[in-house]
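> sequence and predicted structure are below.
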Amino acid sequence: MKLTTNILCCCLVLSATVTGWAQTGGRGLAQASSNSFARSLDKSQDPDHGGKIESRYDGFNHETIVTLNKMRITCGSVKGNFKDACVSFVAALHCPGIQLDHVRYASLQLIFQTKDWDQRHPLNQRQLSVVADGETLRLGQMKLLSQSVDTLMTEELEVTMPYAVFTKIVRAQVVEMKVGNTEFELRQQNLAALRDLNNRVKF
C-alpha cells in the first residue's frame with residue numbers, strides 16, 4: 001500500500017511539472033537563469049574601500065559584466081592638462097556567457113571634470129600609459145565616450161585591455177596613470193576596490 005502511494009505521488013509531481021512546462025513552452029527559462037545568476041553575484045558595498053560593485057548579464061552581447069561603479073581618484077592633484085580637476089574611474093570585467101570562470105577582457109573608463117571648459121584631451125593626447133610597481137604598461141589610444149559642458153566640463157574616455165594586463169595593475173602596490181600630459185596616482189582605496197572586483201571572478 002505504501003509503495004503504491006509513493007508511486008502515485010511521483011506520478012502527480014511529474015504530471016504537474018510537464019503541465020507547467022507545456023503551458024509556458026519553456027519560455028523565460030534562460031532569462032530566469034541569467035537573472036538568478038546575476039543576483040547571486042551582487043554583494044553590498046565594501047566599507048573598507050567605499051566602492052560599489054555590481055554584476056549583470058548582458059543578453060545582447062551574451063556576457064556577464066562585473067563592474068566597479070564610478071569611484072573618485074583625486075580632486076586637484078592632477079599634473080598636466082587640467083587645473084583643479086577631479087578624476088574618477090569605472091572598471092569592468094567581461095565574462096562570456098553566464099559564468100565567472102573566464103574573463104574575456106577588462107575595460108577602464110576615466111572621467112575628467114574641471115571648471116576649465118577649454119581643457120580637454122584632444123585626439124593626439126589620449127594615449128594611456130600605466131606604471132604598475134615600476135613596470136610601464138602602454139594601453140594605447142583611449143576612445144572618447146562623451147564630452148559635456150554644464151557647470152563643469154566633463155570628459156569620459158575608455159580603453160579595453162587583456163585580462164592579464166588588468167591583473168598586473170590589480171596586484172601592484174603603486175599605480176600611476178598618464179593620459180596625454182595628465183598624470184595621477186591611484187589611491188590605496190582604489191586599488192583595494194580593484195582587487196575586490198578581481199576577487200569576484202575565478203582565476
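Here it is on my side, so go on.

> give me the buried positions along the lengthiest strand in the chain.
For the chain, the longest strand by residue count, based on DSSP state E, is strand 63-75. Buried positions in strand 63-75, judged by neighbour count with 16 or more other CB atoms under 10 Å: 63-68, 71, 73. In this view, the C-beta of every residue, glycine as well, is placed from N, C-alpha and C.

> can I get those in a markdown table including pLDDT?
Shown next, in a markdown table, are the buried residues of strand 63-75 (pLDDT from 0 to 100):
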| residue | pLDDT |
| --- | --- |
| 63 | 97 |
| 64 | 97 |
| 65 | 98 |
| 66 | 98 |
| 67 | 98 |
| 68 | 97 |
| 71 | 97 |
| 73 | 95 |
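
> contact partners for residue 74?
Contact analysis of residue 74 by CB atoms under 8 Å, 6 or more residues apart in numbering lists 86-87, 184-185, 187.

> look up how far residue 162 lies from it.
For residue 74, the distance to residue 162 (CB to CB, to the nearest Å) stands at 26 Å.

> isn't residue 56 up against residue 69?
No. Residue 56 is beyond contact range of residue 69, at 11.7 Å (criterion: CB atoms under 8 Å).

> all the helices of this protein, residue numbers only.
2-24, 29-41, 163-171, 188-199 (DSSP state H).

> least confident of these, on average?
Note on the helices of the chain: helix 2-24 shows the lowest mean pLDDT, a mean of 43.

> tally of neighbours for residue 120?
18 (other CB atoms under 10 Å).

> that one contacts residue 153, correct?
Yes. Using CB under 8 Å, residue 120 is in contact with residue 153, at 6.9 Å.

> find the residues that touch each one of these two.
With CB under 8 Å, 6+ apart, residue 120 and residue 153 have common neighbours residue 147.

> now do the contacts for residue 70.
So residue 70 contacts 88-90, 111 (CB under 8 Å, 6+ apart).

> same check on residue 185?
So residue 185 contacts 74, 174-177 (CB under 8 Å, 6+ apart).

> quick check: the farthest pair among the contacts of residue 74?
86 and 185 (14.5 Å; CB to CB).

> so who does residue 97 touch?
Contacts of residue 97 (CB under 8 Å, 6+ apart): 62-64.

> my error: substitute residue 73 in the last question.
So residue 73 contacts 87-89, 184, 186-187, 190 (CB under 8 Å, 6+ apart).

> now with 6 Å, please.
87, 89, 184, 190 (CB atoms under 6 Å, 6 or more residues apart in numbering).

> any idea how far the second one is from residue 124?
This means residue 89. 22 Å.

> these two: who's more crowded?
Each of residue 89 and residue 124 has its neighbours counted (other CB under 10 Å); residue 89 has more, 21 against 8.
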